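*Asks:* Sequence first, then the predicted structure, then my questions.
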Amino acid sequence: LLAFGPVAEGEGSLEDLARDLPTRPIPELGRRIHATSDAVAFLRVLRLLFRVRPDVVHTHTAKAGTLGRLAAALYNLTRRRRSRALVVHTFHGHVLAGYFGPIGDRLVRTTERVLARLTNRIVAISERQSAVRSAALGSGTVQSSTNRFPASALVSSAKAVACRTAAPSRRSLTAASGTS
């Protein structure tokens with residue numbers, strides 16, 4: 001199941017690549033921080049976790065990653081150790097240094113340090129982003145991965161994952177939004 005927020009104006013969408021996957025749009029999971037919408041998005045993600053009972057929760061981007069990892073932590077508190085979801089976060093952006101100003105940057109880094117403790121694996125999409133994240137959060141927290149295959153292979157792979165996730169014993173929930 002792919003849960004996602006709206007794409008902001010001027011941003012590209014990969015929604016067509018997911019047309020054969022089960023999806024769940026979460027309209028409140030937008031780019032901007034908005035306490036009410038963010039609380040609703042968090043509750044929707046949490047409700048999905050309890051309904052789907054995933055083995056893996058894979059989040060992308062800063063805001064969806066924050067809400068998704070917090071929801072996964074709460075979900076995992078209700079599970080026995082062997083039935084907890086693994087939590088994976090893919091780090092896409094540059095929000096750890098120079099994006100929000102000194103106070104905002106410090107707040108973001110502190111938040112990411114806490115969230116890293118709730119995350120089984122953190123993936124950066126490039127060596128450069130891995131280095132930025134490791135410098136901000138400490139070494140050994142990030143595994144880098146580069147996209148070395150065409151989008152058509154991603155779609156084929158996603159279809160295989162969708163087939164596996166449809167089985168009762170193998171489920172996955174991915175939360176993504178238009179945030180970086």
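*Replies:* Perfect, thanks for sending it.

*Asks:* Show me the shaky parts of this structure.
*Replies:* Scanning the chain with the threshold set as pLDDT under 70 gives 93-99, 131-133, 135-180.

*Asks:* so where do the helices sit in it?
*Replies:* 35-52, 62-77, 102-117, 127-137, 151-166 (DSSP state H).

*Asks:* Counting by contacts, list what the first one packs against.
*Replies:* Applying 3 or more CB pairs under 8 Å, 6 or more residues apart in numbering; DSSP states H and E, we find helix 35-52 packed against strand 2-4, helix 62-77, strand 172-176. Every residue, glycine included, has its C-beta placed from N, CA and C.

*Asks:* right, and residue 130 touches residue 92 too?
*Replies:* No: contact criterion CB atoms under 8 Å: residue 130 and residue 92 do not qualify, at 11.8 Å.

*Asks:* residues contacting residue 27?
*Replies:* 5, 6 (CB atoms under 8 Å, 6 or more residues apart in numbering).

*Asks:* if I look at it, how far off is residue 87?
*Replies:* Per CB to CB, to the nearest Å, residue 27 is found 24 Å from residue 87.

*Asks:* Mean neighbour count and distance to residue 2 for the helices of the chain - can I get that in JSON lines?
*Replies:* What follows is the helices of the chain, written out as JSON lines (neighbours: other CB atoms under 10 Å; distance: least, CB to CB, whole Å):
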{"stretch": "helix 35-52", "mean neighbour count": "16", "distance to residue 2": "11"}
{"stretch": "helix 62-77", "mean neighbour count": "22", "distance to residue 2": "11"}
{"stretch": "helix 102-117", "mean neighbour count": "14", "distance to residue 2": "21"}
{"stretch": "helix 127-137", "mean neighbour count": "17", "distance to residue 2": "22"}
{"stretch": "helix 151-166", "mean neighbour count": "13", "distance to residue 2": "9"}
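
*Asks:* between the ones you listed, which gets nearest to residue 20?
*Replies:* Closest of these to residue 20 is helix 151-166, at 5.8 Å (criterion: CB to CB).

*Asks:* for residue 71, what are its contacts?
*Replies:* Contacts of residue 71 by CB under 8 Å, 6+ apart are 42, 45, 46, 49, 57, 175.

*Asks:* 7 Å - rerun?
*Replies:* Contacts for residue 71 (CB atoms under 7 Å, 6 or more residues apart in numbering) come out as 42, 45, 46, 49.

*Asks:* Which of the helices of the chain sits closest to residue 23?
*Replies:* If we rank the helices of the chain by CB to CB, the stretch that ends up nearest is helix 151-166, at 10.1 Å.
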